[in-house]
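**Q** Following is a predicted model, sequence given first.
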Amino acid sequence: ELKVEQNPLFLSMQEGKNYTIYCNYSTTSDRLYWYRQDPGKSLESLFVLLSNGAVKQEGRLMASLDTKARLSTLHITAAVHDLSATYFCAVDGWTGNQFYFGTGTSLTVIP
Amino acid sequence: KAGVTQTPRYLIKTRGQQVTLSCSPISGHRSVSWYQQTPGQGLQFLFEYFSETQRNKGNFPGRFSGRQFSNSRSEMNVSTLELGDSALYLCASHMGPNTEAFFGQGTRLTVV
């Protein structure tokens, strides 16, 4: 079974700082997704990464994919309080729309 | 464009009862997948339907079942509810195979 690991599980950072969340997965896949979840809410799609070397940026967030290393990163630049949420990566298995989710990273940005 | 609609949003059931949850995907999307989210197990895949056919099934007991109708709406059913079934159940809508998932607001099920 495909395994997806995220680290760190918890991240507390000061406003204005930079940090990276890591997502490792166990078998070959060219499709990786990042989602955000606010407390009590559903999952909001952030990025869709569909090939090796893919890099996408939206505001203070940038995601990249290295399929050879089976690694994706979500980089946060100059964090602001509004970015506080739980972030999940998910890998698409080869058998259709079956996503394998990481454990999530709970991010708290402190003023 | 309407998003993914899940009903009901909240449910409280008693152990041993059964429950049916509903999901209406984005118009034009033909695939629906279901996930269970709990603090202990995280997000786990339940099953996926495409054109009324179950294509994938996660590692859940047979008490969990689902179906998809010709208009792509999907339902999932849990019979003989257990306390451990308390969770947020999320439905995702996909345009087709191996495509991005758009999630509904979820149904919060509490089993007492």
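**A** Here it is on my side, so go on.
**Q** For residue A:31, give me its contacts.
**A** A:48, A:49, A:50, A:91, A:92, B:98 (C-beta atoms under 8 Å, 6 or more residues apart in numbering or on different chains). Glycine gets a C-beta too; all of them are placed from N, C-alpha and C.
**Q** tell me which residues form a beta bridge with residue 24?
**A** No chain specified, so I'll use chain A. Counting by DSSP bridges, residue A:24 forms beta bridges with residue A:5, residue A:71.
**Q** wait, I meant chain B there
**A** residue B:5.
**Q** what's the spacing between it and residue B:75?
**A** To residue B:75, residue B:24 is 10 Å away according to C-beta to C-beta, to the nearest Å.
**Q** distance of residue A:30 from residue A:106?
**A** 28 Å.
**Q** before we move on, what about residue A:52?
**A** Counting by C-beta to C-beta, the gap from residue A:52 to residue A:106 is 29 Å.
**Q** any idea of the pLDDT on residue 10?
**A** Just going to use chain A. We note a pLDDT of 96 for residue A:10 in this prediction.
**Q** wait, chain B
**A** 97.
**Q** Same question for residue B:1.
**A** Reported pLDDT for residue B:1: 58.
**Q** where does chain B have its least confident helix or strand?
**A** strand B:53-57 (a mean of 91; mean pLDDT, DSSP states H and E).
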